[in-house]
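J.: how does the following fold in three dimensions:
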Amino acid sequence: MENKAGTPATKAATSVPVPKLKRRGVIGFFTDVKREMKHVTWPKHADTTRQTMIVLATCALAVVILFALSESFALLLKFIIGGGGPTN
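T.: A predicted model of the protein is given here:
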């Protein structure tokens, strides 16, 4: 198999490098977690707040839509089964 340059492609050039991990137990696990957490890019406070508001607004909209559908179907079913419109 050759790449675009015409040179043979090696498996190492096309695969993701994997760190050499030793079986070090729980302490090794938490050491690796600490090392990986240094690479995390955390969002700014404003971004987190904005995204939280988007999620809450989407949930509120879903509640309103589902409630309206539920009441509509209940009214329709009552009309079909009961033979009349809404009653007080």
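
J.: lowest average confidence, helix or strand, in the protein?
T.: helix 11-14 (a mean of 59; mean pLDDT, DSSP states H and E).

J.: after that one, next one along is what?
T.: helix 25-37 (DSSP states H and E).

J.: pLDDT (mean, whole number) over that next one?
T.: If you average the pLDDT over helix 25-37, you get 90.

J.: stretch 64-74 now?
T.: So the average pLDDT for stretch 64-74 ends up being 97.

J.: CA atoms only: put it into PDB for me.
T.: Written as PDB, here are the backbone C-alpha positions of stretch 64-74 (Å, rounded to 0.1, in the frame of the first residue of the first chain):
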ATOM      1  CA  VAL A  64     -45.000  23.000  27.100                       C
ATOM      2  CA  ILE A  65     -45.200  21.000  23.800                       C
ATOM      3  CA  LEU A  66     -45.800  17.700  25.400                       C
ATOM      4  CA  PHE A  67     -48.400  19.100  27.800                       C
ATOM      5  CA  ALA A  68     -50.300  20.700  24.900                       C
ATOM      6  CA  LEU A  69     -50.200  17.500  23.000                       C
ATOM      7  CA  SER A  70     -51.400  15.500  26.100                       C
ATOM      8  CA  GLU A  71     -54.300  17.800  26.700                       C
ATOM      9  CA  SER A  72     -55.200  17.900  23.000                       C
ATOM     10  CA  PHE A  73     -55.300  14.100  22.800                       C
ATOM     11  CA  ALA A  74     -57.200  13.900  26.100                       C
END
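
J.: how about that stretch, which residues are buried there?
T.: When burial is assessed from 16 or more other C-beta atoms under 10 Å, stretch 64-74 yields no buried residues. All C-beta spots, glycine's among them, are computed from the backbone N, C-alpha and C.

J.: longest helix in the chain, by residue count?
T.: The longest helix of the chain (DSSP state H) is helix 45-82.

J.: what helices or strands is it leaning on?
T.: Under the contact definition 3 or more C-beta pairs under 8 Å, 6 or more residues apart in numbering; DSSP states H and E, helix 45-82 sits against no other helix or strand.
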